[in-house]
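*Asks:* would you be able to build a 3D model of this:
(chains A and B)
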Number of protein chains: 2
Amino acid sequence: MMSDMALSTDGYKGTRDFYPADMRFRRFAFRRLEAVCEAFGYEPYDGPMLESFDLYAAKTGEEIVNRQLYHLKDQSDRHLAVRPEMTPTMARMVAAKIGELPRPIRWYSIPNLWRYERPQRGRLREHWQLNVDVLGGDILQADLEILNVAVSLISQFGSDAQVEVRINHRAIIDEFFTKELGLDGPTKLSVMKLVDAKDKMKPEDYERGLRTNALSDDQIKKLTHFFSLPLEELHRLHPSPGSSHLSKVLDLMRGLKLSALVRFDSTIMRGLDYYTGMVFEIFDTHEENRRAMFGGGRYDNLIGLFGKENLSGVGFGMGDVTLEHFLEVHRLKPSLPRELDLIVGCTADADLSRTLDAASRLRAAGASVATTLKSAGFGDTLKVANKQGAHFALLFGEDEWKAGTVVIKNLKSGNQEQVKWTELETWWSAQGAKNK
Amino acid sequence: MMSDMALSTDGYKGTRDFYPADMRFRRFAFRRLEAVCEAFGYEPYDGPMLESFDLYAAKTGEEIVNRQLYHLKDQSDRHLAVRPEMTPTMARMVAAKIGELPRPIRWYSIPNLWRYERPQRGRLREHWQLNVDVLGGDILQADLEILNVAVSLISQFGSDAQVEVRINHRAIIDEFFTKELGLDGPTKLSVMKLVDAKDKMKPEDYERGLRTNALSDDQIKKLTHFFSLPLEELHRLHPSPGSSHLSKVLDLMRGLKLSALVRFDSTIMRGLDYYTGMVFEIFDTHEENRRAMFGGGRYDNLIGLFGKENLSGVGFGMGDVTLEHFLEVHRLKPSLPRELDLIVGCTADADLSRTLDAASRLRAAGASVATTLKSAGFGDTLKVANKQGAHFALLFGEDEWKAGTVVIKNLKSGNQEQVKWTELETWWSAQGAKNK
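*Replies:* Model prediction:
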């Protein structure tokens, strides 16, 4: 089966290879995200990378299922899909144990997701996405909490007040489109989609889109006016359970430090899939990156799809590419050098067991220790140690061995010292103490 | 696109859902594995979940590619596969940066992998697998190190001396099959496969298999004798670079604590894919689980497939299902309860901002804190706190608020105390100090 032609070293378009330096950032970012979720009492979960195609056909948006889904048949002709989002898996898992999971259910996960898209800045075919969901509990308290978690996640990276949370409610939009504009069916969906994309469109294209949907001048006037209303005014003119809920959310926000970051925005649609209540998007306020970074909302009917008890939930997903971009724009992406404590060198093959013994003892004392994997003089060992980014190099030849010592060179400061062979562990403990 | 029929809560056959309790074990296990790899100076990497089909067609075993691979075409008709193993991705990534990666290259990863197999104990369609590889360096030193890492990984879970490492060398087998038995081509592969599976077969089936391959009585006698030889004897009768290499590895092992665990076993074939040098398998020595848990070997020609510089490496993969099974059999699987420090209750909606403030302050002090997400009396809050597995419940009503205090109940001991509203952080620090 060997091919004569050389294989390509390129990965599949729209995916990334994570070399150790990339993994240091990814791990740093994920551990921060995990720490915030856990501080709020959220627990990790995960599900399989492939799921039944039907799971997505049921509720995932049509565009994703028809155009963006990676799907396949297994050897028994079962139709599977590579997960394009995590919410259906989460809903399936919650539904499967709905009777036994203590409530509220607070879950998070950082899965990799796949969508067939044209790769561009911020959009890749494979990305990782933090998903945070809370199911059960009082809707007002849960909605408030999920906004609090979303903002806390971002601010943990040192970016206070550099984001804005725009909230809306599906009921407000639904009622206005149905009752005031008299739209329904495909036209309603099409206009909602247009409004959702308004920020990314030229005004004339938006205008043309409205005309294409056969909206009258009067309807366009109503629409434009509606989207200009502040919440109080909108609630007075078009009172609905949605506007009343958002008023309460904003009231309660005033008691938290976050209130300045949250505002009502009736154009937030958040896709057109399973959301039924509050929806929200987190915007970067940096002038070079004024765009929606991530968002989410409340879903009332997702768990019920599995034919057991229904349970309302609220959640959001935050992509790793977006997060990294945000940190870069705000100069918050840390420099993360490799952390390798020591390289131990070996001058002759006969010394190998001594080398391995030194490495092993230092590891037992808590250090990360690599050997050079070749016998060489001090100079060559120091070269390897420098290239590998070690903090210290441990060197010994026959002279040192006879004197019962080793030479340890600090590769950052250039200082070197003699350490007794029997006191390697003590020496390492002292380094730890110095760094504290 | 909504279906009228209820969706199934079952995941795809041969996959697992990881609920929070499952994730606690997975994380515990992965963090231990990561810590050992990093103590040896190995760095994490990762690659995409889907790769070009060609990447596996080149060197992955025929059985996997033809029968076990999940593969699909994307919307542009590119032929992709869900990764069945990590080594091809690792080789691709190393080859892509072969000129700039400092050597030796020590890498590890814990990817999820997919194979279409009949699900059974220890074999699932999706599993996670720790992959550890070192490329470059002296072959003897690197082979020794990889065995050391493999054993250290297992022994870190508290299982000293409960595994056995069986090593072999491809050159020994190749030379014997070609020179002594006069076999080559498909017959050679078929007999090697049979020997590889010998331990799992009935003696009569093994015997029948040899006959099916048209082996003569003389060949069968030679084969049986060959596989009974200890290394010294084999090296004397059939000296080869392979037997000489293994003798050195075993010699050096005597200098390490691990020597008692390692022995020569000429029946270890380790599949039939890309290995060219030392191959090995780690066996559980527990009487209820005497089987190969994982293994690996040296590959000389994998990096060269990408048409750049060649580089020899050695590595292995250890599956999470196998590891969990091992820990269960040896009673080493820890009990890992949820770690939630506090539940904060709220007796009336009007108290909500106080509740959120208390939770927020305790989080800032380092505690994990969930709220009940509903206003309720002390009794109901304590019920929620117990079900959620919190260590403490923080309770206050109007009386406590007026007195400037809260009640904190230790749910493990049942003790409760009054804490001043202004001293929540101090109280939490004191808990941390007590637990040290």
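
*Asks:* okay, CA-based contacts and neighbour counts for the rest of this
*Replies:* Will do.

*Asks:* where does the stretch 1-150 of chain A dip in pLDDT?
*Replies:* A:1-4 (pLDDT under 70).

*Asks:* in it, what residue comes closest to chain B?
*Replies:* Among the residues of the stretch 1-150 of chain A, residue A:39 lies nearest to chain B; the distance is 3.9 Å by CA to the nearest CA.

*Asks:* could you find the closest non-adjacent residue to that residue?
*Replies:* Closest residue in space to residue A:39, ignoring its immediate chain neighbours: residue B:368 at 3.9 Å, by CA to CA, 6 or more residues apart in numbering or on different chains.

*Asks:* that neighbour and residue B:393, how far apart?
*Replies:* Remark: distance between residue B:368 and residue B:393 (CA to CA, to the nearest Å) = 12 Å.

*Asks:* quick check: neighbours shared by the two?
*Replies:* Shared contacts of residue B:368 and residue B:393 (CA atoms under 8 Å, 6 or more residues apart in numbering or on different chains): residue B:342.

*Asks:* before we move on, the earlier item: does the residue of the stretch 1-150 of chain A closest to chain B touch residue B:369 like I think?
*Replies:* Yes - counting by CA atoms under 8 Å, residue A:39 touches residue B:369, with 5.9 Å between them.

*Asks:* so for these two, which residues contact both of them?
*Replies:* Here residue A:39 and residue B:369 have residue B:363 as joint contacts, going by CA under 8 Å, 6+ apart.

*Asks:* ok, stretch A:117-125 near chain B or not?
*Replies:* No - Stretch A:117-125 lies apart from chain B when judged by CA under 8 Å from any CA of the partner chain; the minimum separation is 9.8 Å.

*Asks:* tell me who's in contact with residue A:153.
*Replies:* By CA under 8 Å, 6+ apart, the residues touching residue A:153 are A:32, A:33, A:36, A:37.

*Asks:* can we see that at 7 Å?
*Replies:* Counting by CA atoms under 7 Å, 6 or more residues apart in numbering or on different chains, residue A:153 makes contact with A:33, A:36.

*Asks:* do the same with residue A:321
*Replies:* A:122, A:127.

*Asks:* now do the SS call for it.
*Replies:* With DSSP: H, G, I helix; E, B strand; the rest coil as the basis, residue A:321 sits in helix.

*Asks:* got it, and residue A:294?
*Replies:* State at residue A:294, reduced to three classes by three-state DSSP: strand.

*Asks:* residues in a beta bridge with it, which ones?
*Replies:* Assessed by DSSP bridges, residue A:294 has beta-bridge partners residue A:282.

*Asks:* count of neighbours near it?
*Replies:* Number of residues near residue A:294 (other CA atoms under 10 Å in any protein chain shown) recorded here: 20.

*Asks:* quick one: contacts for the residue in the stretch 251-400 of chain A that chain B sits nearest to?
*Replies:* Nearest residue of the stretch 251-400 of chain A to chain B: residue A:368, at 3.9 Å (CA to the nearest CA). Neighbouring residues of residue A:368 by CA under 7 Å, 6+ apart: A:340, A:341, A:342, B:38, B:39, B:40, B:41.

*Asks:* contacts only, for the second one.
*Replies:* When the contact criterion is CA under 7 Å, 6+ apart, the partners of residue A:341 are A:367, A:368, A:369, A:390, A:391, A:392.

*Asks:* measure it to residue A:427 for me?
*Replies:* Relative to residue A:427, residue A:341 is positioned 13 Å away (CA to CA).

*Asks:* residue A:289 is in what secondary structure piece?
*Replies:* Counting by DSSP states H and E, no helix or strand carries residue A:289.

*Asks:* what's the answer for residue A:182, then?
*Replies:* Per DSSP H and E, there is no helix or strand for residue A:182.

*Asks:* and for residue A:133?
*Replies:* strand A:126-135.

*Asks:* could I get that strand in CSV with only the CA atoms?
*Replies:* These are the backbone C-alpha positions of strand A:126-135, laid out as CSV (Å, rounded to 0.1, in the frame of the first residue of the first chain):
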residue,chain,number,x,y,z
GLU,A,126,-12.2,22.7,12.8
HIS,A,127,-12.4,24.8,15.9
TRP,A,128,-12.7,24.3,19.6
GLN,A,129,-15.6,25.8,21.4
LEU,A,130,-16.3,26.3,25.1
ASN,A,131,-19.9,25.4,25.7
VAL,A,132,-21.5,26.5,29.0
ASP,A,133,-25.1,25.6,29.9
VAL,A,134,-27.4,25.8,33.0
LEU,A,135,-30.7,23.9,33.0
